[in-house]
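Asker: give me coordinates for this.
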Amino acid sequence: MTDETIHPDACVVGVDFGTLSGRAVVVRVRDGAELGTAVHDYRHAVVDSVLPATGKALPPEWALQVPADYLDVLRTAVPQAVEAAGVAPELVIGIGTDFTACTMVPVTADGTPLCDLPEFADNPHAYIKLWRHHAAQPQADRINELARDRKEAWLPRYGGLISSEWEFAKGLQVLEEAPEVYAAMAHWVEAADWIVWQLTGEYTRNACTAGYKGIHQDGGYPSEEFLAELNPAFATFVEDKLDHPLSALGDKAGSLTAEAARWTGLPQGIAVSVGNVDAHVTAPAAQAVEPGQMVAIMGTSTCHVMSGDVLREVPGMCGVVDGGIVPGLWGYEAGQSGVGDIFAWYVKNQVPPVYHEQAKERGLSVHELLSELAADQAPGEHGLIALDWHSGNRSVLVDHELSGVILGQTLATKAEDVYRALLEATAFGTRVIVDTFTDSGVPVTELVIAGGLIKNTLLMQIYADVTDLPLSVIGSAQGPALGSAMHAAVAAGAYADIREAAQAMGSVRRNVFMPIPENVVAYERLFLEYQELHDHFGRGGNDVMRRLRKFRREAVEGKN
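Answerer: Model prediction:
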C-alpha cells in the first residue's frame, strides 16, 4: 500500500448497482480479500409494463426504474455486507460505486428525482430511464443522420452511430414527448453520478460516462448549432441540463455525509470515489489493464471493454475515451444488449413444462438441465442458427429496432436444441465484435470473462471455440463490486493509481477454457451462416424487423 499510515486490516466497500439488484462487497485493502457480501433486490425491478404510481400501461420498448430502490441498497446491502465480513465499521476507509449505463435520472437543482415530486409521479418521463430503455430510437436515428450529413468529427469515435440508450437520444425524447418534464429538469444525470451525489451531498460528473454515453470528446460536446438543428428547443441542452466539470476515475468525489453514514453504518467522512460504470471497473478487478485484453462482463447483457495504446475508429463501437478504463491508454467499449436476458426469456416463455418438472425432480435449474442436455451435442448437430437480437443490437450495428431470429426449426427440434443455438448466437455476436476490433487495428489477444454467466461451462467453452481465443476468468464472483472497492482504495489514498490497486487487489485465472481445434473448424462454418443472416437483416438486405416493430407500435397504440 502507498500510505503506510493506513491500518493493515483497513477495508473498503464496493457497491455494484445492476439491472435487478444491488450488491455490496467488503474488501481488505492490502490484498483484495473479499470478506463479506450482500445482495438487495430492487423492489420495483425493471418497470417496463405499467407505471407503479398509476398502473398505467407503458408503451413498447420502455424500461424505467425507481430511485428509492437504489437507496434501499445502501440501507440494507451495505450494512449486511459489513456484518457478514465481521469487521469493525471504523476499519472501512472508503466506498466506491458503479452503475449500469446509460441510466439517466432527471432531477431538480438539489438532486431530487422528478418522479419523487407529486406533480410528476404519474409521468413516465419523470422516472429513471434504464440503460435498456430503447424507445428513443427515432431520436437516435435523427441524431445519426444529422451527424453524418454534417460530418461531425465526434461520430467516428462512436463507430459511426449513437445509440438510443445514451444521454442525448433519451434527453431529446423527454423534450419532445414531455416538455413539462424537460422544463422542470435542472440536471440530466447519470445514475452513476446521482448515487455518489446521495453519498456525498455534492454533484460530480464522471469522465467515463461523459465520454462513452455523453458524446464528450476532445474537451467538448456536440455544438449548440448541431443541437438546434435537431430541435430548436434542444439547442441549450448541454449548457442547461448536462454540462458539469468532469472528475477522473479513482479520484475522491467527496466524503460520506452524516445522513449517508446513518444509511450505511459506515464512518462519516470516509472517502467516496468518483462514479463509474460496471463494465469499466471490472477490467482492473480482472487485472486486464494492458492492450489486447478484452473483458466481457456477461450477465443480462454483455459489455466488452479493452484498453489500447493507439486511437482507432472501430465501426459500431460504443465509444473510445482517453483514460476511460486506466490512465494512459485509450479505453474502448462495445456490447450486446441481450445475452442472459435472452436465455431467461426462452426458459420462462418457450420451454415446455416437462423440462421444468424434470429439472425440479433432479434439483437443477432449467438452465442447468438444458445446458447438460445440449452439452452432448456436436457443433451443428441441432441444425439451427439464431440471431441474438431479442433486445436489439448494440454492437456493431447499433440498432434497437432489430429482433431475434431462430432458423432451421423442424418438428424434431427440441428445447435443448434451441437453447444451445441461443448460447451460440451470443458467442457469434461477440465474435463479430472481436473481429471488428482486430480488423480495425485494435487486436484482441485474450478474452477475460466476468459476470454471472461464468458458471455455465458449456457457454464458456462455446465462446472459446467460436472466437478461437483462450478464455481467462475473473477470480471474483463480484467483479464490478470488487472494481468499485479498488477505486475506493485509490480515492482513500491507499494506492497511487488503479494499476497499482489492480496488481494488489485484482484476481484472474488465466486460460481456463482453451479452444478445441475440431470445434473451431465446425463453428467457423456456422459463423459464416450467422454473418450472412447478420448482414442481410442488419445492413439493409431486408428491413422486415423494423416494419414489424412499426406494426406492433401501431397495434398497441390502437388498442389504447
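Asker: need the helix or strand of this protein with the lowest average pLDDT.
Answerer: In the chain, the helix or strand scored least confidently by mean pLDDT, DSSP states H and E is helix 544-559, which has a mean of 91.
Asker: all helices of the stretch 251-400 of the chain, in order?
Answerer: 258-264, 278-285, 340-349, 353-362, 366-374 (DSSP state H, counting those that start in this stretch).
Asker: out of those helices, which is closest to residue 496?
Answerer: Across those, residue 496 has its closest neighbour in helix 278-285 (13.4 Å, CB to CB). The C-beta positions use only the backbone N, C-alpha and C, and glycine is treated the same way.
Asker: list the buried residues of that closest one.
Answerer: 278, 279, 280, 281, 282, 283, 284, 285 (16 or more other CB atoms under 10 Å).
Asker: list the contacts for the closest residue to the last one other than its chain neighbours?
Answerer: Once flanking residues are discounted, residue 285 sits nearest to residue 483: 3.8 Å by CB to CB, 6 or more residues apart in numbering. Residue 483 sits next to 14, 98, 276, 280, 281, 282, 283, 284, 285 when contact means CB atoms under 8 Å, 6 or more residues apart in numbering.
Asker: need those in JSON lines (columns: pLDDT and distance to residue 539).
Answerer: Output for those, formatted as JSON lines (pLDDT from 0 to 100; distance: CB to CB, whole Å):
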{"residue": "14", "pLDDT": "98", "distance to residue 539": "40"}
{"residue": "98", "pLDDT": "98", "distance to residue 539": "34"}
{"residue": "276", "pLDDT": "97", "distance to residue 539": "34"}
{"residue": "280", "pLDDT": "95", "distance to residue 539": "29"}
{"residue": "281", "pLDDT": "96", "distance to residue 539": "34"}
{"residue": "282", "pLDDT": "96", "distance to residue 539": "31"}
{"residue": "283", "pLDDT": "97", "distance to residue 539": "30"}
{"residue": "284", "pLDDT": "97", "distance to residue 539": "36"}
{"residue": "285", "pLDDT": "98", "distance to residue 539": "36"}
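Asker: in the helix or strand hosting the residue nearest to residue 285, what's buried?
Answerer: Following DSSP states H and E, one finds residue 483 within helix 479-491. By neighbour count on 16+ other CB under 10 Å, the buried set for helix 479-491 is 479-491.
Asker: quick one: average confidence on stretch 356-365?
Answerer: For stretch 356-365, mean pLDDT rounds to 98.
Asker: only alpha carbons, please: show that stretch as PDB.
Answerer: C-alpha atoms of stretch 356-365 as PDB (Å, rounded to 0.1, in the frame of the first residue of the first chain):
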ATOM      1  CA  HIS A 356     -39.300 -27.600 -15.600                       C
ATOM      2  CA  GLU A 357     -40.700 -30.800 -13.900                       C
ATOM      3  CA  GLN A 358     -37.600 -32.800 -14.800                       C
ATOM      4  CA  ALA A 359     -35.300 -30.100 -13.500                       C
ATOM      5  CA  LYS A 360     -37.200 -29.800 -10.200                       C
ATOM      6  CA  GLU A 361     -37.000 -33.600  -9.800                       C
ATOM      7  CA  ARG A 362     -33.300 -33.600 -10.200                       C
ATOM      8  CA  GLY A 363     -32.600 -30.500  -8.100                       C
ATOM      9  CA  LEU A 364     -31.400 -28.400 -11.100                       C
ATOM     10  CA  SER A 365     -32.400 -25.100 -12.600                       C
END
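Asker: quick check, central residue of this structure?
Answerer: For the chain, the residue nearest the mean C-alpha position is residue 100 (4.5 Å; CA atoms, centre = their mean).
Asker: contacting residues for it?
Answerer: 17, 18, 19, 130, 131, 191, 277, 278.
Asker: just give the nearest non-adjacent residue to it, would you?
Answerer: residue 131 is the one closest to residue 100 (CB to CB, 6+ apart), at 4.7 Å.
Asker: give the contact list for that neighbour.
Answerer: By CB under 8 Å, 6+ apart, the neighbours of residue 131 are 19, 63, 100, 101, 102, 103, 165, 301.
Asker: where exactly do the helices run in the stretch 451-560 of the chain?
Answerer: Counting by DSSP H, counting those that start in this stretch, the helices of the stretch 451-560 of the chain are 457-467, 479-491, 498-505, 517-538, 544-559.
Asker: just say which of those is most tucked in.
Answerer: Mean neighbour count, computed with mean count of other CB atoms under 10 Å, is highest for helix 479-491 among the helices of the stretch 451-560 of the chain, reaching a mean of 32.
Asker: where does this protein dip in pLDDT?
Answerer: 2, 4 (pLDDT under 70).
Asker: closest to residue 377 out of the contacts of residue 100?
Answerer: residue 19 (30.5 Å).
Asker: correct me, but that closest one touches residue 132?
Answerer: Yes: between residue 19 and residue 132 a contact is recorded at 7.4 Å, counting by CB atoms under 8 Å.
Asker: look at these two and report which has more neighbours.
Answerer: residue 132 (24 against 20; other CB atoms under 10 Å).
Asker: how many other residues sit next to the closest residue to the more buried one other than its chain neighbours?
Answerer: The shortest distance from residue 132 to any non-neighbouring residue, by CB to CB, 6+ apart, is to residue 63 (4.6 Å). As a burial measure, residue 63 scores 20 neighbours (other CB under 10 Å).
Asker: for the one 4 residues further on, same thing?
Answerer: For residue 67, the count of nearby residues is 22 (other CB under 10 Å).
Asker: out of the buried residues of helix 479-491, who's nearest residue 124?
Answerer: residue 480 (27.9 Å).
Asker: identify the residues contacting that closest one.
Answerer: Taking CB under 8 Å, 6+ apart, we find residue 480 in contact with 14, 16, 18, 98, 278, 279, 281, 282, 285, 297, 450.
Asker: what residues does the fifth one make contact with?
Answerer: Spelled out, it's residue 278. 16, 17, 18, 98, 99, 100, 101, 297, 303, 480.
Asker: these two touch, right, the fourth one and residue 192?
Answerer: Yes: with the criterion set as CB under 8 Å, residue 98 and residue 192 qualify as a contacting pair; they are 6.8 Å apart.
Asker: neighbour count for these two, which is higher?
Answerer: Neighbour count, other CB under 10 Å: between residue 98 and residue 192, residue 98 has more, with 30 against 27.
Asker: where exactly do the helices run in the stretch 101-250 of the chain?
Answerer: Using DSSP H, counting those that start in this stretch, helices in the stretch 101-250 of the chain cover 137-150, 167-177, 179-184, 191-200, 207-212, 224-230, 237.
Asker: which of those helices sits closest to residue 560?
Answerer: Of the helices of the stretch 101-250 of the chain, nearest to residue 560 by CB to CB is helix 167-177, at 15.0 Å.
Asker: sweet, I'm off.
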